[in-house]
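*Asks:* The amino acid sequence is not available; the structure is as follows:
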């Protein structure tokens, strides 16, 4: 990997370079929450924050997007092809993007996601953990790939890790300086301190098997408080479920095909035409969600969003402790 | 290539099979495997997964559509000459090569006959490659029987032994039972197991309504039929067909599968390992 150094005073210069690539989306505070928004300059951008409400996924896999249009019977794909920059993405969210990459870039690849991913620069930044974070115990506490640049705060300057060819070109801008072992050592110490603040642990040893063998009564207890609202899915950086529907114009000749995020916790998720529902109960949907996140492989990146934003106060880590037979 | 973009094909023929099922011939040649499915689009209405019910050895390609929702309702309203969008073929399909040289026992209930018709046609068109062919077909009543002429013709032929069960007796069923008491009976499809000898060297090929699998699987297992020689094709909500949208996922814990990508054909071993696969 290539390493460079950027004086904090030169951050606006980097921002301008990024802006010349495309629209820049960065974390800003809105109504007491941090959210990724399109910004024109660094004013108001939160360089230090804990977690955004929605993960940066929303810019690569939009909550709703037109995927094609048709006139008569002919389908034409819709694609904007806008260039963009995701600025200030945390370790866990970069790892979340990598997990989405595996879903949407593995063949047959999803062209919409793939083109957006290609058109989007990702600039990572180190985070401020809180008591809900558990990234370090799901292997997502540190991003080693999946970004173009990653900024580590060293006080007066940033150590910049360069993660792509595009990042390499950016790091050749005049305001970057060379960095070496000294800066990397310092950054590693800062990262150690940061990761030390991630106190929460999740024990996933044998979790898939525990989920598989948990009894009906156990699941009823575990999911008793769940409202099946799907908030956990909406805020999750790795939830991939989508649904597709056709929308007609009033003259019925033209229309578009639209895809939207879907939630596996919603009642209709596994409903087929004819009325048969393969996961009609909250219990079945909870088993499915937990299996998806930590059962067959670890898709959870430990960002804590599903716990923080659950309106029923369900704690993801506690749920899994219960599956483990602890805290019952 | 954009995998989500359907291509337009012409509907060549629309034929009523039953009051709720129509057979559509499509002007396309896909070199599919029996048991694979298509994502079929009607512009402005939507897209739905439909299994291919013809063998690649027969042209043109055919799908059998039961009217159960908006997309299938729209497909039923189409006339020859209309166009539909298709994507696919998707899924693994039945491994016809693996089953070569063996007897085949096809077990189907209701609309489950549709994907199995592809297997049946394929085996008939490669008759020397397969041993004895048995078809166990459970219907509700004669009006809901699919591919009536083809199956009645087979009943009188030597190419395939046909066993038929019906749940509601009507005149036609009664007469069939009178004419072929050794292979027609009243009851659900599992009742037909009493009429046949199961060769454990054969392959069982199963398709039916979701509730059927548990009973058929149990029946086969109770008769010590080897689970690795059972192939079952499953229905779930295969919205994208390519393992992305995750609606069709089955299983729990360590064993999760996409029906669209890892299936829709699963073995009896899968059924033992994947929680909830056969109910």
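*Replies:* Cool, got the structure. Small disclaimer: the values here were computed from a predicted structure and weren't measured.

*Asks:* how about the helices of the stretch 101-250 of chain B, start to end?
*Replies:* Ranges of helices in the stretch 101-250 of chain B, per DSSP state H, counting those that start in this stretch, are B:113-125, B:148-155, B:171-179, B:210-222.

*Asks:* residues near the residue of the stretch 1-150 of chain B found nearest chain A, how many?
*Replies:* Nearest to chain A, among the residues of the stretch 1-150 of chain B, is residue B:69, at 3.0 Å (CB to the nearest CB). From N, CA and C alone the C-beta is placed, and that goes for glycine too. By other CB atoms under 10 Å in any protein chain shown, 16 other residues sit near residue B:69.

*Asks:* now swap in residue B:270 and tell me
*Replies:* Neighbours of residue B:270 (other CB under 10 Å): 23.

*Asks:* ditto for residue B:227
*Replies:* 16.

*Asks:* Over to residue A:275?
*Replies:* 8.

*Asks:* Please list the residues of the stretch 1-150 of chain B that sit near chain A.
*Replies:* Residues of the stretch 1-150 of chain B lying close to chain A by CB under 8 Å from any CB of the partner chain are B:1-6, B:8, B:41, B:43-48, B:66, B:68-72, B:83, B:85.

*Asks:* ok, back up a step: tell me which of the helices of the stretch 101-250 of chain B sits most buried.
*Replies:* helix B:113-125 (a mean of 24; mean count of other CB atoms under 10 Å in any protein chain shown).

*Asks:* Output the contacting helices and strands for that one.
*Replies:* Judged by 3 or more CB pairs under 8 Å, 6 or more residues apart in numbering or on different chains; DSSP states H and E, helix B:113-125 is in contact with strand B:61-66, strand B:104-109, strand B:133-139, strand B:203-207.

*Asks:* So which residues of the stretch 1-150 of chain A form helices?
*Replies:* Along the stretch 1-150 of chain A, counting by DSSP H, counting those that start in this stretch, helices occupy A:11-21, A:57-60, A:91-105, A:111-119.

*Asks:* Mean pLDDT and distance to chain B for the ones you listed - can I get that in a markdown table?
*Replies:* Shown next, in a markdown table, are the helices of the stretch 1-150 of chain A (pLDDT from 0 to 100; distance: least, CB to the nearest CB, whole Å):
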| stretch | mean pLDDT | distance to chain B |
| --- | --- | --- |
| helix A:11-21 | 97 | 25 |
| helix A:57-60 | 96 | 13 |
| helix A:91-105 | 98 | 6 |
| helix A:111-119 | 97 | 4 |
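
*Asks:* Just give the closest residue to the most centrally placed residue in chain B, not the sequence neighbours.
*Replies:* Closest residue to the average C-alpha location of chain B: residue B:115 at 2.5 Å, with CA atoms, centre = their mean. Residue nearest to residue B:115 in three dimensions, not counting chain neighbours: residue B:51, with 4.3 Å by CB to CB, 6 or more residues apart in numbering or on different chains.

*Asks:* do residue B:187 as well
*Replies:* Closest to residue B:187 by CB to CB, 6+ apart is residue B:165, at 5.3 Å.

*Asks:* beta partners for the one you found?
*Replies:* For residue B:165, the beta-bridge partners under DSSP bridges are residue B:138, residue B:185.

*Asks:* Residues of the stretch 1-150 of chain A that sit close to chain B?
*Replies:* So far as CB under 8 Å from any CB goes, the stretch 1-150 of chain A lies against chain B at A:67-68, A:70, A:72-75, A:77, A:103-104, A:108-112.

*Asks:* top of those by neighbour count?
*Replies:* Within the residues of the stretch 1-150 of chain A next to chain B, most neighbours by other CB under 10 Å means residue A:110, with 27 neighbours.

*Asks:* quick one: contacts for that residue?
*Replies:* For residue A:110, the contact set (CB atoms under 8 Å, 6 or more residues apart in numbering or on different chains) comprises A:103, A:104, B:3, B:4, B:244.

*Asks:* Quick check: the two most widely separated of the residues you listed?
*Replies:* Greatest spatial distance in these: A:103 and B:4, 14.1 Å, computed using CB to CB.

*Asks:* how about the helices and strands packed on helix B:113-125 in JSON lines, adding distance to residue A:40, mean pLDDT and mean neighbour count?
*Replies:* Converted to JSON lines, the helices and strands packed on helix B:113-125 look like this (distance: least, CB to CB, whole Å; pLDDT from 0 to 100; neighbours: other CB atoms under 10 Å in any protein chain shown):
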{"stretch": "strand B:61-66", "distance to residue A:40": "53", "mean pLDDT": "98", "mean neighbour count": "23"}
{"stretch": "strand B:104-109", "distance to residue A:40": "63", "mean pLDDT": "98", "mean neighbour count": "26"}
{"stretch": "strand B:133-139", "distance to residue A:40": "67", "mean pLDDT": "97", "mean neighbour count": "24"}
{"stretch": "strand B:203-207", "distance to residue A:40": "58", "mean pLDDT": "98", "mean neighbour count": "27"}
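
*Asks:* what about the helices of the stretch 1-150 of chain A, which gets the closest to residue B:130?
*Replies:* Here helix A:91-105 is closest among these (CB to CB), at 38.8 Å.

*Asks:* outside of that closest one, which residues touch it?
*Replies:* Taking CB under 8 Å, 6+ apart as the rule, helix A:91-105 contacts A:52, A:55-57, A:60-61, A:89, A:110, A:113-114, A:117, A:122, A:124, A:126-127, A:133, A:135, A:139-143, A:145-147, A:150, A:237-238, A:240, A:299, A:301-303, B:244.

*Asks:* now stretch A:29-45
*Replies:* A:11-12, A:15, A:19, A:23-28, A:46, A:49-54, A:56, A:58-59, A:86-88.

*Asks:* Select only the buried ones of those in PyMOL?
*Replies:* The PyMOL selection below is limited to those of the contacts of stretch A:29-45 classed as buried (16 or more other CB atoms under 10 Å in any protein chain shown):
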select buried, chain A and resi 11+15+24+25+26+27+28+46+49+50+51+52+53+54+56+58+59+86+87+88
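
*Asks:* which residues does the residue nearest to residue B:207 when sequence neighbours are not counted contact?
*Replies:* Of all residues not flanking residue B:207 in the chain, residue B:112 sits nearest, at 3.6 Å (CB to CB, 6+ apart). Residues near residue B:112 by CB under 8 Å, 6+ apart: B:206, B:207, B:208, B:209, B:212.

*Asks:* Give me the contact list for the lengthiest strand in chain B.
*Replies:* Longest among the strand segments of chain B by residue count, using DSSP state E, is strand B:7-16. Outside of strand B:7-16, the residues within contact range by CB under 8 Å, 6+ apart are A:73-75, B:22-28, B:60, B:78-87.

*Asks:* quick one, phi/psi of residue A:217?
*Replies:* Geometry field for residue A:217 lists phi and psi as phi -60, psi -40, criterion degrees, to the nearest 10.

*Asks:* what about it, neighbour count?
*Replies:* Neighbour number of residue A:217 under other CB under 10 Å is 9.

*Asks:* quick one: pLDDT of it?
*Replies:* What the model reports for residue A:217 is a pLDDT of 94.

*Asks:* Show me just the buried residues among the contacts of helix A:91-105.
*Replies:* Burial by neighbour count, judged by 16+ other CB under 10 Å, picks out A:52, A:55-57, A:60-61, A:89, A:110, A:113, A:117, A:122, A:124, A:126-127, A:133, A:135, A:140-143, A:146-147, A:150, A:237-238, A:240, A:299, A:301-303, B:244 from the contacts of helix A:91-105.

*Asks:* In strands, which of these appear?
*Replies:* Under the assignment DSSP E, the buried ones among the contacts of helix A:91-105 contribute A:89, A:122, A:124, A:150 to strands.

*Asks:* Please tabulate these in a markdown table, including the columns pLDDT.
*Replies:* As requested, these are arranged in a markdown table below (pLDDT from 0 to 100):
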| residue | pLDDT |
| --- | --- |
| A:89 | 98 |
| A:122 | 98 |
| A:124 | 98 |
| A:150 | 98 |
